[in-house]
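Asker: Mind folding the following:
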Amino acid sequence: MKLNKNMVGMAMCGLMAFWHAFWSLMVLMGFAQPFLDFIYRLHFLNNPFVVNPFSWGTALMLIVITGVIGYAMGWVFAWVWNMLHKQ
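Answerer: Model prediction:
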């Protein structure tokens with residue numbers, strides 16, 4: 001089966017952008033620090049990180065940059081898949 005590089009890239013872009021938009025919303029609502037503390041505690045670790053105050057500019061950069069990186073990762077994945085599955 002041949003993968004469409006653009007479609008896989010867009011799917012990964014959407015996934016990465018959505019995940020980081022959700023994280024930004026958690027920071028905005030004040031849930032991010034307790035969430036990190038909980039996750040670290042589940043792994044028997046102390047959390048060395050402190051969540052900074054929310055910034056709209058930082059949130060937008062995070063979402064855009066991770067979306068672009070997600071697209072590139074999806075595109076490369078589909079390209080490699082197609083190269084390995086040539087018939």
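Asker: residues near Val8, how many?
Answerer: 20 (other Cβ atoms under 10 Å). From N, CA and C alone the C-beta is placed, and that goes for glycine too.
Asker: which one is the residue nearest the centre of the chain nearest to, not counting chain neighbours?
Answerer: Centroid check for the chain by Cα atoms, centre = their mean gives Met16 as the closest residue, at 3.4 Å. Using Cβ to Cβ, 6 or more residues apart in numbering and skipping the chain neighbours, the partner closest in space to Met16 is Gly70 (3.0 Å).
Asker: Which parts of the lengthiest helix in the chain count as buried, going by neighbours?
Answerer: Using DSSP state H to define each element, the chain has its longest helix at helix 56-84. When burial is assessed from 16 or more other Cβ atoms under 10 Å, helix 56-84 yields the following buried residues: Ala59, Leu62, Ile63, Thr66, Gly67, Gly70, Tyr71, Met73, Gly74, Trp75, Ala78.
Asker: Leu28 and Pro53 touch, don't they?
Answerer: No. Using Cβ atoms under 8 Å, Leu28 makes no contact with Pro53, being 9.7 Å away.
Asker: the more surrounded of the two?
Answerer: Leu28 (14 against 7).
Asker: Name the nearest residue to that one, ignoring sequence neighbours.
Answerer: Spatial nearest neighbour of Leu28, excluding adjacent residues (Cβ to Cβ, 6+ apart): Phe54 at 4.6 Å.
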